[in-house]
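Asker: sequence plus the predicted model coming up.
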Amino acid sequence: IYDISRYSGMGGNMLGKTHMAVGIALTLAVTRPQSLPEIILASGAGAFGALVPDIDIRPSKLYKDAGRIAVSAIPLLLLVILTDFITRSGVTSRILSASNIKGIVTGLLLFTGICVFGKRQPHRSFTHSFLALALLSLSVWMVCKELVLYFATGFLSHILADLFNKKKVQVLYPLSGGVCFDMFSAGGMANDIFFAAGCIISVAEIISLSLFA
C-alpha cells in the first residue's frame, strides 16, 4: 500500500500518519461500528477524512498522488468484501443498494472540485473549516451514505488536532481570523504524543469492538 503517512509532514505541520492515527481513534470512538467489515470501513474512511484537510499544503502530495491513494484503497475494499462474505454482516449489500451511478458521479465531481479549490487556498483556511467539512461530507453522502459519518468524523479530528498548536485555523471560513489554543508547536514531541495516543486508542478500540462484533 502506498505510503500516505508522509503527505502532511512539511512546514511544521503534524505528520499525515499522526492525523490518520487520531482520525481512526476518534472515528471508532464516536461511531462504534458493530461488525468487522464496518470497523474496517470506519477506519479507512476516518483515516482518509483526516488526511484531506492538508491538501492545501504546497506542494500537496495528497493532491498529486490522488491516483496512488485510490489504488491503495483497493486492498482495503477487497478486505471489507471478503470479511463481509465470511461474517455475512450484509455491509457490502447495504452500500451497493444505497448507491447509484448518478449520485456517485455527481458526488465524485463535487468532491474533486472542492479539493481543487481548496488546494489553491492558504494553508489552514478553507480546507480546515466547517464549510469544507459540510461540503465534502455532502459529496461523500452522494457517493455512499454509509461512509459519510466516518469521513466527517475523521475530517473533524484533523481540525481539532490542529487547534492545539500555535498557528490559527480559519474554522469559520470565509470569515477572517482564526482559532488556536496556542499550546505547542505541531512538530516534534507534540506530534509524537498525538501519534502514540492515536495508535494506542485505535488498537484498543479495534480489539474492544471486534470482541463484541
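Answerer: Yep, it's here.
Asker: switch to C-alpha atoms for all contacts and neighbour counts from now on
Answerer: Noted.
Asker: so, low pLDDT: which residues of the chain?
Answerer: Flagging of the chain using pLDDT under 70 yields the residue ranges 1-14, 58-77, 80, 89, 94-99, 185-187, 213.
Asker: need the residue closest to the centroid of the chain.
Answerer: Most central in the chain under CA atoms, centre = their mean is residue 49, positioned 1.6 Å from the mean C-alpha point.
Asker: so which helix or strand takes in it?
Answerer: When elements are assigned from DSSP states H and E, residue 49 belongs to helix 36-51.
Asker: so which bits of that helix are buried?
Answerer: For helix 36-51, the buried set under the neighbour-count rule, 16 or more other CA atoms under 10 Å, comprises 36-51.
Asker: for residue 92, state which of the residues you listed is nearest.
Answerer: Nearest to residue 92 among these: residue 37, at 8.4 Å, using CA to CA.
Asker: show me where this protein has its helices.
Answerer: If you assign secondary structure with DSSP state H, the helices in the chain sit at 16-31, 36-51, 61-64, 66-87, 91-98, 101-119, 130-143, 148-162, 189-211.
Asker: for those, could you give me CSV that also reports distance to residue 179?
Answerer: Compiled in CSV, the helices of the chain are given as follows (distance: least, CA to CA, whole Å):
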stretch, distance to residue 179
helix 16-31, 19
helix 36-51, 19
helix 61-64, 25
helix 66-87, 29
helix 91-98, 37
helix 101-119, 19
helix 130-143, 12
helix 148-162, 10
helix 189-211, 18
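Asker: for residue 173, find the nearest of the ones you listed.
Answerer: With CA to CA as the measure, helix 130-143 is the member of the helices of the chain nearest residue 173 (6.8 Å).
Asker: so which elements touch the closest one?
Answerer: Contact partners of helix 130-143 among helices and strands, from 3 or more CA pairs under 8 Å, 6 or more residues apart in numbering; DSSP states H and E: helix 101-119, helix 148-162.
Asker: tell me the angle that helix makes with helix 36-51.
Answerer: Orientation check (axes from the mean of the first three to the mean of the last three CA atoms, to 10 degrees): helix 130-143 against helix 36-51 gives 140 degrees.
Asker: show me what counts as buried in helix 130-143.
Answerer: If you call a residue buried by 16+ other CA under 10 Å, then helix 130-143 has these buried ones: 130, 132, 133, 136, 137, 138, 139, 140, 141, 142, 143.
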